[in-house]
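1. Provided below are the primary sequence and the corresponding predicted coordinates.
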Amino acid sequence: MDKIFLSQLSVECIVGIWDWERRVKQTVIIDVEMAADIRRAALTDHIDDTIDYKRVAKRLLAFVGESQYQLVETLTEAIARVIVTEFGVSWVKVRLNKRGAIRGARDVGIEIERRTEDYAGVSPTMQSQP
């Protein structure tokens with residue numbers, strides 16, 4: 001399987017359960033791996049034959065930046081759903097890092113993998129709202 005990835009996409013958003021977290025944007029770092037068959041794009045040398053990672057990044061920056069989830073688990077799931085349902089990706093791995101969330105630990109976060117069948121019957125318009 002070929003993979004296209006985005007590494008360390010940094011976004012400020014509202015995420016957390018504490019009152020102060022609901023008022024102050026925090027930085028989350030997102031890593032994404034997406035299944036792709038890049039053979040056609042390699043032959044045609046055309047962006048329409050692959051996953052446009054710039055479009056994915058812009059969508060995630062907007063989506064996450066507007067979101068206001070309490071749990072990083074919910075935010076990570078929503079990111080996976082956006083990628084699978086809006087970009088037609090058959091498999092995605094999303095790792096979300098909320099640096100500095102725990103004193104004494106550099107990184108705290110979630111890593112999930114999702115497939116098309118996990119969102120069967122879910123259209124892009126039915127996604128969790130930010």
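-> Perfect, thanks for sending it.

2. what segments of the chain are helices?
-> 19-23, 39-44, 53-66, 72-87 (DSSP state H).

3. next up, the contacts around the residue nearest the centre of the chain.
-> Centroid-nearest residue in the chain: Ile79, 3.5 Å away (criterion: CA atoms, centre = their mean). Taking CB atoms under 8 Å, 6 or more residues apart in numbering, we find Ile79 in contact with 30, 32, 60, 63-64, 94, 96. The C-beta positions use only the backbone N, C-alpha and C, and glycine is treated the same way.

4. distance of it relative to Ala35?
-> 16 Å (CB to CB, to the nearest Å).

5. Asp52 too?
-> Applying CB to CB, the value for Asp52 to Ala35 is 15 Å.

6. do His46 as well
-> Counting by CB to CB, the gap from His46 to Ala35 is 19 Å.

7. ok, now Glu66?
-> Separation of Glu66 from Ala35 (CB to CB): 27 Å.

8. settle it for me: which of these two has more neighbours?
-> Ala35 (17 against 12; other CB atoms under 10 Å).

9. beta partners of the nearest residue to the more buried one once chain neighbours are set aside?
-> Nearest in space to Ala35, with sequence neighbours left out and distances taken as CB to CB, 6 or more residues apart in numbering, is Trp91 at 3.8 Å. Taking DSSP bridges as the rule, Trp91 bridges to Arg115.

10. give me the neighbour count for Trp91.
-> Trp91: 18 neighbours (other CB under 10 Å).
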